[in-house]
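A.B. asks: would you be able to build a 3D model of this:
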Amino acid sequence: MTFAPKSGRKPTSPRAFLAESSLYEHAVKALGRRMRTESELRRLLAARAEPGPVGHSAIDSVVRRMKENGYLNDQSYAETYARLRQQNDKFGRRRVQQDLRQKGLPAPLIDATLDARYANLSEEALARQYLDRKRIPKPEGPKDTARIMRRLVAAGFSTGVIYKILRQWEVPDETLAALDNVSDNLSDDPAASDS
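C.D. replies: Below you'll find the predicted structure:
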């Protein structure tokens, strides 16, 4: 009597390492599914390449070819990503900055891209667009107010802009004072406080 694995899948044998030409094909297919940064593509290829100097050399060669053929461009990626997050999701600069850092893009490229994208944009207007897009109504009480503040901070907006919007909504001063504790905790988080 033999037992099948609980997941219903057959046990898999370890994948064979890919040669440079196969790595290139794998990279083209991966980029065909979605845009990636150079850092993301290198991580993806490292899982399929031979470990050590031979694999690193093959990955370097594949990445170089991808750039030469115009398939891989971190600047274009950053610009497209920032544009889509700002226009479609209505995210603030801080959120997009954090996302691009997680994708492995260099800080100077991120800063230049975001400076261009958010230069002539009112953070308050964008925060209001975010609230409209998410259909977030005026808060009914302290819990709603705290929830809205957390959502706006997570979407990349500064606490100054958030407080301005809450004051315009005529949120009571005692509720805003209670939020100071929330904003102090958020300012301790370096990812939330970067501008």
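
A.B. asks: which secondary structure element contains Ile86?
C.D. replies: Small correction: residue 86 is Gln, not Ile. Using DSSP states H and E, Gln86 maps to helix 74-87.

A.B. asks: tell me the buried residues in that helix?
C.D. replies: Using 16 or more other Cβ atoms under 10 Å as the test for burial, helix 74-87 gives Asp74, Tyr77, Ala78, Glu79, Tyr81, Ala82, Arg85, Gln86. All C-beta spots, glycine's among them, are computed from the backbone N, C-alpha and C.

A.B. asks: quick check, nearest of these to Ala46?
C.D. replies: Asp74 (17.5 Å; Cβ to Cβ).

A.B. asks: list the contacts for the closest one?
C.D. replies: Thr37, Glu38, Leu105, Pro106, Leu109 (Cβ atoms under 8 Å, 6 or more residues apart in numbering).

A.B. asks: and the gap between it and Phe91?
C.D. replies: Per Cβ to Cβ, to the nearest Å, Asp74 is found 20 Å from Phe91.

A.B. asks: same deal with His26?
C.D. replies: From His26 to Phe91 the distance is 31 Å (Cβ to Cβ).

A.B. asks: please enumerate the helices of the protein.
C.D. replies: Per DSSP state H, the chain carries helices over the ranges 20-33, 38-46, 53-68, 74-87, 93-102, 107-118, 123-133, 142-154, 159-168, 173-187, 190-193.

A.B. asks: all set, thanks.
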